[in-house]
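1. What follows is a protein structure lacking sequence information:
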């Protein structure tokens, strides 16, 4: 297994990545972004995605923010946008969407960091520690009007895929969602962290690494001699 450095020592890291030619991923983001019918290229060679099958959850304690985000996402062609005004409601919606009906999972979560009750930090920690794969690997974009280096670091350490400053424009949100789709980071488990690789990489991971998609992958990679 090829080791990839992160904040912990290399011996403490478990990381697997899947070669593009043999991908069989289980997450809903892969379902929407990984098929030829889901994307095309314009004259400038930018990827254009059909997000009509996408389901996005926006979470913010201010309703005008969720209204703004929902409007922006609809402009992007997102098929379904659901909203929650606190972490507990979002948690219940995530659980409901990952129930019996297959293909109904949330594809991307746009999450406010500072909320009364269950905060964005607590919700993100619950997601990354969940036993169900479609919840554990849910792409999360954190939004906050109070971003600082400390907040960005905390969000990354909790497993956020991206961090954005509010107010969020439709164009910026589109670019972040596209970045999450185009540049999926390997998920890393170390003694004190689980989530997308905290180091951005411009080049794809080389070799025969596999992207972690389920707990069996994590267990098997730990058991390798």
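-> Cool, got the structure. This one's a predicted model, so the numbers in the text were calculated from it and none came from an experiment.

2. show me the contacts for residue 106.
-> 28, 55-57, 82, 93-94, 97-98, 138 (Cβ atoms under 8 Å, 6 or more residues apart in numbering). The way it works is simple: take the backbone N, C-alpha and C, and place the C-beta from them, glycine included.

3. change it to 10 Å
-> Residue 106 makes contacts with 28-29, 54-57, 80, 82, 90, 93-94, 96-98, 134-135, 138-139, as judged by Cβ atoms under 10 Å, 6 or more residues apart in numbering.

4. Repeat that for residue 172.
-> 72, 164-165.

5. that older thread, out of the contacts of residue 106, list just those in strands.
-> Within the contacts of residue 106, residues falling in strands by DSSP state E are 55-57, 80, 82.

6. Pretty sure residue 105 sits against residue 80.
-> No. Counting by Cβ atoms under 10 Å, residue 105 stays clear of residue 80, with 11.5 Å between them.

7. The two - which one has more neighbours?
-> Each of residue 105 and residue 80 has its neighbours counted (other Cβ atoms under 10 Å); residue 105 has more, 20 against 17.

8. In the strand or helix carrying residue 171, which residues are buried?
-> Assigned by DSSP states H and E, residue 171 belongs to helix 170-182. By 16 or more other Cβ atoms under 10 Å, the buried positions in helix 170-182 come out as 173-174, 176-178, 180-181.

9. One more: stretch 121-129?
-> Here stretch 121-129 shows 121, 123-125, 127-128 as buried, counting by 16+ other Cβ under 10 Å.

10. Kindly reformat these as a markdown table containing secondary structure.
-> Formatted as a markdown table, these follow (DSSP: H, G, I helix; E, B strand; the rest coil):
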| residue | secondary structure |
| --- | --- |
| 121 | helix |
| 123 | helix |
| 124 | helix |
| 125 | helix |
| 127 | helix |
| 128 | helix |
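
11. show me where the chain has helices.
-> Here the chain has its helices, by DSSP state H, at 28-33, 63-75, 87-97, 120-128, 133-136, 149-158, 170-182, 215-223.

12. possible to save those helices as CSV with mean pLDDT and distance to residue 188?
-> Formatted as CSV, those follow (pLDDT from 0 to 100; distance: least, Cβ to Cβ, whole Å):
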stretch, mean pLDDT, distance to residue 188
helix 28-33, 44, 17
helix 63-75, 89, 28
helix 87-97, 95, 22
helix 120-128, 97, 11
helix 133-136, 91, 13
helix 149-158, 92, 11
helix 170-182, 85, 16
helix 215-223, 45, 10
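
13. Just put those in JSON lines and tack on distance to residue 190.
-> JSON lines is the format used below for the helices of the chain (distance: least, Cβ to Cβ, whole Å):
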{"stretch": "helix 28-33", "distance to residue 190": "23"}
{"stretch": "helix 63-75", "distance to residue 190": "32"}
{"stretch": "helix 87-97", "distance to residue 190": "24"}
{"stretch": "helix 120-128", "distance to residue 190": "12"}
{"stretch": "helix 133-136", "distance to residue 190": "15"}
{"stretch": "helix 149-158", "distance to residue 190": "11"}
{"stretch": "helix 170-182", "distance to residue 190": "22"}
{"stretch": "helix 215-223", "distance to residue 190": "11"}
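
14. what's residue 73 in contact with, if anything?
-> Counting by Cβ under 10 Å, 6+ apart, residue 73 has contacts 51, 54, 56, 58, 79-81, 108, 110, 170, 173-174, 177.

15. between those, which is nearest residue 155?
-> Nearest to residue 155 out of these is residue 110 (Cβ to Cβ; 12.8 Å).
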